[in-house]
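A.B. asks: predicted structure and sequence below. I'll ask about it afterward.
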Amino acid sequence: MTDSNKLAATPASFEARLSESDDAVAVFETKRNSPLNRLQRFLHSNPTMVPFIVLAASVIVFSVVVGGRFFQPFNLSLILQQVTIIGIIGIAQTIVILTAGIDLSVGAIMVLTSTMMGRLAIVAGLPPELAFLIGLAAGLLCGLINGVLVTYVRLPPFIVTLGSWSVFGALNLWYSGSQTIRGQEVAEAAPILQWMGAAIQMGGARITMGTVLMLALAAGAWYVLNRTAFGRHVYATGDDPDAARLAGINTRRVLLAVYGCAGLISAIGAWALIGRVGAISPTSGSTANLDSITATVIGGTSLFGGRGTIVGTLIGALIVGVFRNGLALAGLDALWQEFSVGILIVAAVGVDQWIRRVAA
């Protein structure tokens, strides 16, 4: 082929390749705008939709299987009472997981501070109000210890909080002497510690002050995360810590504050735990660690950080409560209650991975 022929053929070849490129782009755009992709993007932008749909479906299924007993006011209020502790500790867990961390010690901090409040007020004879404040300070200190180890010593959050879980649990058993303070003793010497167990009767429902406390904490945490600069810094730190640092965010300070807040909220949860149980036992709330992670993950908070809501965590706690309550009313063994919760956890993580992989 002569040079003139090659020159003549070049524009045609270029146009052909350009046409093929346009077709490829068109195919790509069609794929990106498919109904499945739009659904994934919608769920990515609205992380509470999946747990809300699961909760609604669960309520419908159990109302059919169990019948009218499920919707009785007393049973519905019982579900709220059962998820109060999970919801409060779940709030603490959520703000940590939003930073791509995890806190396995929140339950241990809650039980330790409840023991401190009770023994300082009843055994040591301190004013109950002072004992309560010391318990809150101890919870804050425990959280800050975790935060220092994660931020300044640069240890992995999983390892740090796994170790502190054991440390705080051992301190709890040592300080309490493995002895339970009876509810009657608490009522006589420090009734304020049981105040979260007081109930408001509304028809056939029984709403405890602990449930009111959970909702108040959730409202406060929602406001901080969605309406303040600190909340935006928490999301930014979890989504991309390097980019957050380049944007001028002190990520160390954010992480330290997050773990400190988690410890403080766990200590507040100790107050609700005493009100819920009545007595002060070093073994109460033993499943709170895993339950808080369960509620947070099922509620749509990503274990990789940067995505999730407090409302989703409350919905996740309600899902756990509805499943356990509905299966119990259906007469199934507690084994199947835990089995169903385990399936929910795996499914929630799978959906999160699916959303992040395609819609990111």
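C.D. replies: In hand now; what should we look at?

A.B. asks: apart from its chain neighbours, what residue comes closest to Leu120?
C.D. replies: Spatial nearest neighbour of Leu120, chain neighbours left out: Ala131 (3.8 Å); criterion: CB to CB, 6 or more residues apart in numbering. For every residue, glycine as well, the C-beta is placed using N, CA and C.

A.B. asks: I'd like to know how far the residue most central in space within the chain sits from Thr161.
C.D. replies: Central residue of the chain (CA atoms, centre = their mean): Thr296, 2.9 Å from the mean position. Separation of Thr296 from Thr161 (CB to CB, to the nearest Å) stands at 14 Å.

A.B. asks: that older thread, my guess is the residue nearest to Leu120 contacts Val123. True?
C.D. replies: No - look at Ala131 against Val123 with CB atoms under 8 Å: they stay out of range, at 9.9 Å.

A.B. asks: the two - which one has more neighbours?
C.D. replies: Taking neighbours as other CB atoms under 10 Å, Ala131 and Val123 compare with Ala131 leading, 23 against 15.

A.B. asks: could you say which helix or strand contains that one?
C.D. replies: When elements are assigned from DSSP states H and E, Ala131 belongs to helix 128-151.

A.B. asks: any idea how far that helix is from the chain center?
C.D. replies: When distances are taken as CA atoms, centre = their mean, to the nearest Å, helix 128-151 is centred 20 Å away from the chain's centroid.

A.B. asks: helices or strands up against that helix?
C.D. replies: Helices and strands touching helix 128-151, by 3 or more CB pairs under 8 Å, 6 or more residues apart in numbering; DSSP states H and E, are helix 106-118, helix 157-176, helix 251-277.

A.B. asks: point out the other helices and strands that the first one packs with.
C.D. replies: Pointing back at helix 106-118 there. Helix 106-118 is packed against helix 73-97, helix 128-151, helix 157-176, helix 251-277, helix 288-298, with contacts defined by 3+ CB pairs under 8 Å, 6+ apart.

A.B. asks: ok, the residue nearest to Leu120 - contacts?
C.D. replies: Listed by CB atoms under 8 Å, 6 or more residues apart in numbering, the contact set of Ala131 reads 116-118, 120-121, 124, 190, 193.

A.B. asks: give me the buried entries from those residues.
C.D. replies: Those of the contacts of Ala131 that meet the buried threshold are 116-118, 120-121, 190, 193, by 16 or more other CB atoms under 10 Å.

A.B. asks: closest one of those residues to Leu173?
C.D. replies: Ranked by distance to Leu173 (CB to CB), the buried ones among the contacts of Ala131 are led by Met116 at 12.9 Å.

A.B. asks: how about the closest one: what's its closest non-neighbour residue?
C.D. replies: Excluding its sequence neighbours, the residue lying closest to Met116 (CB to CB, 6+ apart) is Gly135, at 4.8 Å.

A.B. asks: distance of the one you found from Gly299?
C.D. replies: Distance, Gly135 to Gly299, using CB to CB: 27 Å.

A.B. asks: report how many residues lie close to Gln353.
C.D. replies: Counted with other CB under 10 Å, residues neighbouring Gln353 total 13.

A.B. asks: gap between it and Gly147?
C.D. replies: Separation of Gln353 from Gly147 (CB to CB): 28 Å.

A.B. asks: and the residue nearest to the centre of the chain, what pLDDT?
C.D. replies: Per-residue pLDDT puts Thr296 at 92.

A.B. asks: that one and Ile97 touch, don't they?
C.D. replies: Yes - if you go by CB under 8 Å, Thr296 and Ile97 touch, sitting 5.6 Å apart.
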